[in-house]
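Novice: Sequence below, structure please.
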Amino acid sequence: MAFRKRSGATDRQVLVENEQVPYRGNAIDNNFGGSANTDRISAIAESSDEDEIKCMPAILPTMDNELDPEQIRSRGQILMTDAPPDRYNYTYAVFYLLGIATMTPWNFFVTAEDYWMFKFRNTTINETSDFVPELTPMQKSFTCDLTLAASISGTTFLILNAIYGHLVSLKVKMLATLFTILGIFIITTSFVEINTDHWQEQFFLITLFTVVIINICSATMSGGIFGVAGLFPSHYMTALVSGQALGGILSALAFILVLAFGSAPDVTALIYFIIGSGLVFLSIICYIIMSHQPFFKYYVEGGDKYKILADTPSHSRSVDTGVDLDPNIKEVFGKIYVEAVNICLLFATTLSVYPSVTELMQSENYGKGHAWNDTYYMPVVNYLFFNSGDYFGRILAGLWERPRNNPHTVLLMTFIRLLYVPFFLCANSNAHNFLPVLVHTDVTFIILMITFGITNGYLANISLIMAPRSVMRHEKEMASSIMAASLSLGLAVGSLLSMAFVQML
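Specialist: Alright, predicted model coming up:
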């Protein structure tokens, strides 16, 4: 049966949804959980006339009367929340750390290219000779095999997570995968000190197997944490994606420091893998602590799901009935397909030229004996400048979200961003065999790299924030998981395109 709405402002039955704010001129802050918000809501409820508060008759779900989500969305609702505070912004900080942990260990794994070339070198040639040997078959194919193994396994499991992820507990998706990644990195680190010269083929296969396991676990964890971030206020999603970009900056700085000190390949790899293992271990500890925080539990356990609240003069909440609704992937995708297409196209564009094409570009003064032009130009410009721009773009999107709730405009901006591709393909490089050189100066290339990173970060964060806002509360986790799968699909498509673009040069 339905409650009847009583006359006067003393006792109202209100149906609440966490995203709608129907008050005239009374928007409630995104910073949920503060007592100030509760006081403001209570004050408004007491001082407003009945027609100033857009209430709908609250309907309790019974055997004969179920809550219709479409009916809810078609009427006005009042935003109320009793979320506890995020003390010391701990949860926000852990989301940042998890963003770093989802990318940095893998970035270190890929960045240790000299180490892998050393492991798969031709061991029959005297290392003291000045003769530069040709690359072995394993050296030639390792990067390509690494990319394919990572892309196929990661994308597949992100798609599976989007479809079936809601059936697996968050604890399994996060802790089981993090512990597995930690174990793989410990094994990978131990191989640095093991002589594998006499069984390179076996080590090659073991390495590819560990890459598949790492990316399966990373995809499952990423899908889980993106889904969880969609349940929180939008700035927590910004923290997660900004952490990913910050991880790229840390990897670039580590790479530049290694170049500066000229460390041996095995020493470099040892440093990379130890840092990666440390980040994963720290993420495990911080996540376990966060999972016991009241603020985290409130949102993950459905604190802001549809509920019936009885708002009395004493502001007590005598009725609190959550309505659990199972998300349907077709319905969810139908609501966010524009955002999903946008994030896929965005990262396909980025990965089609970065880093496979851009790392082949050279300074206009390359070969003149200057350390900046010959050694540091490409690591700084290609990795540090791009990742710094990407990080700034994601921060900017969190602070100044424009356009807001207009995915078609964002998609148009992503299409316009495709213009970067021909400029990068025609930038200064000795690798050109077919295409002309149109970008000759270092300044032009640096500007292209920085703005390419800024637009990538900005549009990515806008889309990832917009998707959970476009669906209902019980659909948010699946929507964010779909976005993570679309992002990974874009990475895979971009990686395949990059192979073709490299041959076009």
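Novice: Met174 and Met221 touch, don't they?
Specialist: Yes. Here Met174 reaches Met221: they are 6.0 Å apart, a contact under CB atoms under 8 Å. C-beta here means a position set from N, CA and C on the backbone, and glycine is covered the same way.
Novice: Compare these two (neighbour count), which wins?
Specialist: Set Met174 next to Met221 and count neighbours by other CB atoms under 10 Å: Met221 wins out with 26 against 22.
Novice: Okay, and that one sits in which element?
Specialist: Using DSSP states H and E, Met221 maps to helix 200-229.
Novice: For Lys476, which residues are in contact?
Specialist: Contacts for Lys476 (CB atoms under 8 Å, 6 or more residues apart in numbering) come out as Gly227, Gly230, Leu231, Pro468.
Novice: returning to that earlier point: output the contacting helices and strands for the helix holding Met221.
Specialist: Helix 200-229 sits against helix 90-111, helix 113-119, helix 137-164, helix 177-192, helix 234-261, helix 476-504, with contacts defined as 3 or more CB pairs under 8 Å, 6 or more residues apart in numbering; DSSP states H and E.
Novice: Trp400 is nearest to which of those?
Specialist: Relative to Trp400, the nearest member of those by CB to CB is helix 234-261, separated by 11.3 Å.
Novice: so what does that closest one touch, helix or strand wise?
Specialist: Counting by 3+ CB pairs under 8 Å, 6+ apart, the packing neighbours recorded for helix 234-261 are helix 90-111, helix 200-229, helix 265-291, helix 386-399, helix 442-469.
Novice: Tell me which residues of that helix come out buried.
Specialist: Across helix 234-261, burial judged by 16 or more other CB atoms under 10 Å covers 234-256, 258.
Novice: that older thread, in terms of mean pLDDT, which of the helices and strands packed on helix 200-229 ranks lowest?
Specialist: Lowest mean pLDDT within these: helix 137-164, at a mean of 84.
Novice: who's in contact with the following helix or strand past that helix?
Specialist: Later in the chain than helix 137-164, the nearest helix or strand by DSSP H and E is helix 170-171. Residues outside helix 170-171 that contact it (CB under 8 Å, 6+ apart): Gly224, Val228, Ser291, Val300.
Novice: Please identify which pair of the residues you listed lies farthest apart.
Specialist: Within those, two members stand farthest from each other by CB to CB: Gly224 and Ser291, at 12.1 Å.
Novice: So if I had to pick from those two, which one is more boxed in?
Specialist: A direct count of neighbours by other CB under 10 Å for Gly224 and Ser291 places Gly224 higher, at 25 against 16.
Novice: Would you mind listing the residues in contact with that one?
Specialist: Asn161, Gly165, Leu170, Lys173, Met174, Thr177, Ser481.
Novice: Just the buried subset of the residues you listed, please.
Specialist: Asn161, Gly165, Leu170, Lys173, Met174, Thr177, Ser481.
Novice: Near the closest residue to the first one other than its chain neighbours, how many other residues are there?
Specialist: I take that to be Asn161. Distance criterion CB to CB, 6 or more residues apart in numbering; nearest residue to Asn161, sequence neighbours excluded, is Gly223 at 3.4 Å. Neighbours of Gly223 under the rule other CB under 10 Å: 30.
Novice: Quick check: Gly223 touching Lys173?
Specialist: Yes. At 7.4 Å, Gly223 and Lys173 qualify as touching, with contact defined as CB under 8 Å.
Novice: in the helix or strand containing Phe296, what's buried?
Specialist: Secondary structure from DSSP H and E places Phe296 in helix 294-300. Across helix 294-300, burial judged by 16+ other CB under 10 Å covers Phe295, Phe296, Tyr298, Tyr299, Val300.
Novice: Same question for stretch 260-274.
Specialist: Quick answer for stretch 260-274 (16+ other CB under 10 Å): Pro265, Thr268, Ala269, Leu270, Ile271, Tyr272, Phe273.
Novice: Can you lay out the residues you listed as JSON lines showing pLDDT?
Specialist: What follows is the buried residues of stretch 260-274, written out as JSON lines (pLDDT from 0 to 100):
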{"residue": "Pro265", "pLDDT": "87"}
{"residue": "Thr268", "pLDDT": "88"}
{"residue": "Ala269", "pLDDT": "89"}
{"residue": "Leu270", "pLDDT": "90"}
{"residue": "Ile271", "pLDDT": "88"}
{"residue": "Tyr272", "pLDDT": "89"}
{"residue": "Phe273", "pLDDT": "90"}
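Novice: quick one: which of those residues is nearest to Gly398?
Specialist: Tyr272 (29.4 Å).
Novice: And the closest one, how far from Leu250?
Specialist: 11 Å (CB to CB, to the nearest Å).
Novice: rewinding a little: looking at the contacts of Lys476, state which has the most neighbours.
Specialist: Gly230 (28 neighbours).
Novice: what sits against that residue?
Specialist: Gly230 makes contacts with Met237, Ala467, Pro468, Lys476, Glu477, Ala479, Ser480, as judged by CB under 8 Å, 6+ apart.
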